[in-house]
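*Asks:* Kindly generate the corresponding structure for this input.
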Amino acid sequence: MVERLVMDVQKEMNQVNYSHLFTKSKLQQQIKDWLDEDIPSFDYGGAVVGDVEEVAFLLGKQRGVFSGTPFFNEIFELLDCRVKWNIKDGEEFNPVNGPVVLAEVRGAVRNILMGERLSLNILSRSCGITTRAFDLRAIVDGVKWHGKVAGTRKTTPGFRLVEKYAMLVGGCDCHRMDLSSMIMLKDNHVWSAGGNITAAVKKARSIGGFSLEVEVECRTEDEAVEAVEAGADVVMLDNMLPPMLAVVSKSLKTKYPHIVIEASGGVIPETLASYALPTVDIISMGSLCQSVPHIDISLKIQKRK
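*Replies:* Below you'll find the model as predicted:
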């Protein structure tokens with residue numbers, strides 16, 4: 001049963017090529033900035049090894065679900081290297097009998113080594129997030145939940161594109177990308193706007209127009225009702241334990257079938273299934289991105305015989 005669920009998740013993920021989300025210019029600029037940060041002046045090690053052509057193997061050393069090919073490809077294209085893949089984003093790898101060869105990189109050895117650490121930093125974190133997203137998705141699929149597990153905006157500054165991409169590849173929702181994506185009114189917004197949810201929602205609606213949804217963070221059912229009556233599209237039931245969440249979300253769905261209900265706050269992988277209620281549409285988790293272990297991946301130049 002578990003194997004079948006895993007196969008279903010992978011099949012669904014592989015139906016979409018998420019690399020098409022990126023423009024060439026955006027990827028190039030991001031990679032150039034990262035390379036400039038890592039090599040601000042001389043590449044001393046590159047001068048030691050020179051331009052002789054070599055091949056390096058990208059090795060997966062522990063179980064994971066792969067992601068990050070758009071970034072890896074762009075790094076080594078900019079460095080005039082060629083990449084041959086043995087795996088696709090969204091596919092699982094498990095080195096039972098030694099490291100798995102995920103890809104081969106060919107080119108001038110100094111260029112391979114220029115991109116080595118940058119590419120591994122990206123892949124190890126990207127694969128870590130994708131693996132967690134994949135495992136979380138499997139949990140809610142296992143209880144036949146209809147909703148979406150989503151990340152949050154608790155991402156690493158300068159690394160958001162990688163982290164949000166990794167969530168999508170793993171089968172989860174990346175929630176809003178940034179402050180421009182959706183109007184989310186949290187407690188600080190409401191308090192700073194005078195403490196009136198209705199007034200805050202109406203002002204948000206007048207500013208955002210018809211094209212932006214409005215979400216309101218609510219601590220009680222009364223706050224959620226006020227938000228819906230004011231015109232909110234989504235209510236976040238914040239820090240409600242599953243028993244209370246079940247009661248409040250059912251009450252809200254009965255009164256307002258159209259409303260989208262998000263559960264957030266304190267959800268961890270071990271408790272995720274208990275939040276996957278029929279009357280909850282979204283479960284957002286900071287732990288989808290925060291404190292995620294990196295997957296052990298290395299890039300090894302092949303020794304000459």
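*Asks:* what's the helix or strand for T130?
*Replies:* helix 109-142 (DSSP states H and E).
*Asks:* buried stuff in that helix?
*Replies:* 109-116, 118-141 (16 or more other Cβ atoms under 10 Å). Where C-beta positions appear, they are placed from N, C-alpha and C, glycine not excepted.
*Asks:* quick one: that helix to chain centroid distance?
*Replies:* 11 Å (Cα atoms, centre = their mean, to the nearest Å).
*Asks:* Looking at the very next helix or strand once past it now, give me its mean pLDDT.
*Replies:* Downstream of helix 109-142, the first helix or strand assigned by DSSP H and E is strand 148-150. Averaging pLDDT along strand 148-150 yields 97.
*Asks:* Pull out the buried residues from whichever helix or strand comes after strand 148-150.
*Replies:* Heading C-terminal from strand 148-150, the first helix or strand you meet, by DSSP H and E, is helix 160-169. By neighbour count with 16+ other Cβ under 10 Å, helix 160-169 contains the buried residues 161-169.
*Asks:* And stretch 62-71, by the same measure?
*Replies:* So, applying 16+ other Cβ under 10 Å, buried residues of stretch 62-71: 62, 64-71.
*Asks:* Put together TSV for those, with pLDDT on each row.
*Replies:* Below are these laid out as TSV (pLDDT from 0 to 100):
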residue	pLDDT
Q62	96
G64	97
V65	98
F66	98
S67	97
G68	97
T69	97
P70	97
F71	97
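*Asks:* quick one: which of these is nearest to Q29?
*Replies:* F71 (12.4 Å; Cβ to Cβ).
*Asks:* Which other helices and strands does the helix or strand where the closest one lies contact?
*Replies:* According to DSSP H and E, F71 maps onto helix 69-78. Packing partners of helix 69-78 (3 or more Cβ pairs under 8 Å, 6 or more residues apart in numbering; DSSP states H and E): helix 24-38, strand 82-85, strand 100-108, helix 109-142.
*Asks:* Tabulate the ones you listed in TSV, adding columns for mean pLDDT and distance to D233.
*Replies:* Listed next are those as TSV, based on pLDDT from 0 to 100; distance: least, Cβ to Cβ, whole Å:
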stretch	mean pLDDT	distance to D233
helix 24-38	95	29
strand 82-85	98	40
strand 100-108	97	41
helix 109-142	97	22
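*Asks:* Format those as JSON lines; extra columns: distance to P257.
*Replies:* Listed next are these as JSON lines, based on distance: least, Cβ to Cβ, whole Å:
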{"stretch": "helix 24-38", "distance to P257": "39"}
{"stretch": "strand 82-85", "distance to P257": "46"}
{"stretch": "strand 100-108", "distance to P257": "46"}
{"stretch": "helix 109-142", "distance to P257": "22"}
